[in-house]
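*Asks:* Take this sequence and fold it.
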Amino acid sequence: MSPNLAMVRGGSKFLWDGQLYDTNEAALRAAQSYQDDGFQTQIGEEGGKYLVYSRRAAKEVVVATQ
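*Replies:* Below is the predicted model of the structure:
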């Protein structure tokens, strides 16, 4: 199985955390951990395994001028 490294939902790009979870509950626990750290999450399923995708919007954009 070769899951997608990224997914787009609602116009936002989410990246896979690289783990395969055996149960939805395990994926939900991992997703909650990411949410506690300020990430948005999505859970997907592929081949009977659950995948957690996450993203975090930049708080500040620094533009260097010369």
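*Asks:* alpha carbons only for contacts and neighbour counts from here, please
*Replies:* OK.
*Asks:* hey, where'd the helices end up in the protein?
*Replies:* Taking DSSP state H as the test, the helices found in the chain are 24-36.
*Asks:* how long is stretch 56-66 from one end to the other?
*Replies:* 29 Å (Cα to Cα, to the nearest Å).
*Asks:* for stretch 7-26, same thing?
*Replies:* 20 Å.
*Asks:* contacting residues around residue 3?
*Replies:* residue 46 (Cα atoms under 8 Å, 6 or more residues apart in numbering).
*Asks:* what pLDDT does it get?
*Replies:* On the pLDDT scale, residue 3 is placed at 90.
*Asks:* pLDDT at residue 58, what is it?
*Replies:* 74.
*Asks:* Now find how far off-centre stretch 46-65 is within its chain.
*Replies:* Counting by Cα atoms, centre = their mean, to the nearest Å, stretch 46-65 is centred 6 Å from the centre of its parent chain.
*Asks:* This protein: strands as residue ranges?
*Replies:* Along the chain, counting by DSSP state E, strands occupy 6-9, 12-16, 40-46, 49-55.
*Asks:* The ones you listed: which one's closest to residue 33?
*Replies:* Minimum separation from residue 33 across these (Cα to Cα) falls at strand 40-46, 9.9 Å.
*Asks:* quick check: angle from that closest one to helix 24-36?
*Replies:* In terms of direction (axes from the mean of the first three to the mean of the last three Cα atoms, to 10 degrees), strand 40-46 departs from helix 24-36 by 160 degrees.
*Asks:* ok, and what's touching strand 40-46?
*Replies:* Under Cα under 8 Å, 6+ apart, the answer for strand 40-46 is 3, 14, 27-28, 31, 34-35, 50-56.
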